[in-house]
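1. The sequence isn't on hand, but the structure is:
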């Protein structure tokens, strides 16, 4: 992290406002990425347009400076994900942040049954957010009470699933693609899908590939962003030394 001080001329565009498409690494929180961008550019006004869980990778839109005013617009855009779920067990977090339990046999399931089970989860549906989420109830985030073993009653939310496609079946692992409205919890979708099949399921991998027209293929890796800003600073220092 750079020492705080006057923002170098090379970083003024970040202060004025930039929209960064970053491919979030595995095990990083979205806020960790915000802290890294702040430390890298010395710009304090930085925000992201939609949280990704630590175990998820993929497209994270980060806005700096005046572009933070656009965050709400980006957050409302449709999103697409690819991922992997595991049939025949559940976890309390609906992913691998907790240990699998409640194991059940999946030997009776057919490919047709698995694919047909996606149909009720397309279109406009009501979804119950996971207890392990950042949603606040009475000023407290659900994951904080969930970690204490306390279950808080939350109301289901209306979401839209434009596509829920099974792309590969290698039991117990199933790869999928989901296109959905903002506010959708893919972990909850996976958990509900497993419940509908009567065997349980949890998410083992997730990658956000699109937000609106923004694609993860156009996103920059954190290391490349770091190297790019370091190069800008070095070039500015070199020009000053030649004066």
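-> Everything's here; your move. Because the structure is a prediction, the values reported are computed rather than measured.

2. from the chain's centre, how far out does the lengthiest strand in the chain sit?
-> Secondary structure assigned by DSSP state E gives strand 157-170 as the longest strand of the chain. On the basis of Cα atoms, centre = their mean, to the nearest Å, strand 157-170 sits 16 Å off its chain's mean C-alpha point.

3. Give me the pLDDT for the residue positioned nearest the centre of the chain.
-> Nearest to the geometric centre of the chain sits residue 52, at 2.2 Å (Cα atoms, centre = their mean). On pLDDT, residue 52 comes in at 91.

4. Mind checking what secondary structure it has?
-> What DSSP: H, G, I helix; E, B strand; the rest coil gives for residue 52 is coil.

5. what packs against the longest strand of the chain?
-> Using 3 or more Cβ pairs under 8 Å, 6 or more residues apart in numbering; DSSP states H and E, the elements in contact with strand 157-170 are helix 111-116, strand 123-127, strand 173-180. Where you see a C-beta, it was placed from the backbone N, CA and C, and this is true even at glycine.

6. rewinding a little: quick one: residues contacting the residue nearest to the centre of the chain.
-> Listed by Cβ atoms under 8 Å, 6 or more residues apart in numbering, the contact partners of residue 52 are 24, 30, 58, 60, 208.

7. Can you give me the buried ones in stretch 201-213?
-> 201-211 (16 or more other Cβ atoms under 10 Å).

8. for those residues, which one is nearest residue 64?
-> Nearest to residue 64 out of the buried residues of stretch 201-213 is residue 211 (Cβ to Cβ; 17.0 Å).

9. Against residue 81, how distant is the closest one?
-> 10 Å (Cβ to Cβ, to the nearest Å).
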